[in-house]
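Trainee: predicted structure and sequence below. I'll ask about it afterward.
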Amino acid sequence: MTDQQPLDDIDLRILSELQTDGRIRINELAARVGITAPPCLRRVRMLRSRGFIRAIRATLDERLLGYEVTTFVLIQLESQNLAAIEAFEAAIAAIPRFLQCWRISGDADFMLKCVAPSVDDMRQQLLQFAGLPNVRKIRSYPVLGVSKDAALPIPDAPAARSPAA
């Protein structure tokens, strides 16, 4: 399979299985998708090299690790020029408890997912934004509970496409 070829049914089943259990042994994965281990391993390596698999990691329970508060934060910048955006992204990348940062459109420029051990600690984290250059507005939304945390839906084989497409 070349980098330009679309994913087939087996590739999609591999992706689905890996989302369910990233620690699955290659022999078990191969059996579940209906091929032998050597071609299955080649396909997994190809899926990684093409960027379909960005990482395989454990999903941890924030609360069991002492992070009682999860908050989504919307940030509006004073300016949306490239230098301001890159400066903000660099500042956020250096703060470990900001788990995810999305550049968005609309009333805000960024949305972040943050964790903290307490409400007071989260308040201190949010105050860090006040010191960042170019921040105009900060809105925070504490999470009360999670209703859904699903894996990415895997498309049918004919609709699958390369990430470059």
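Mentor: Good, I have the coordinates.

Trainee: for the rest of this, base every contact and every neighbour count on C-alpha atoms.
Mentor: Will do.

Trainee: assign the residue nearest the centre of the chain to helix, strand or coil.
Mentor: In the chain, the centroid-proximal residue (CA atoms, centre = their mean) is Q100; its distance is 6.8 Å. Recorded secondary structure, Q100: strand (DSSP: H, G, I helix; E, B strand; the rest coil).

Trainee: wait, isn't it in contact with C114?
Mentor: Yes - judged on CA atoms under 8 Å, Q100 makes contact with C114 at a distance of 7.4 Å.

Trainee: about what we covered before: look up how far I35 lies from the residue nearest to the centre of the chain.
Mentor: 36 Å (CA to CA, to the nearest Å).

Trainee: before we move on, what about L60?
Mentor: For L60, the distance to I35 equals 31 Å [CA to CA].

Trainee: who has more neighbours, these two?
Mentor: The residue with more neighbours, out of L60 and I35, is I35; 13 against 8, by other CA atoms under 10 Å.

Trainee: any idea which helix or strand carries that one?
Mentor: Using DSSP states H and E, I35 is not contained in any helix or strand.
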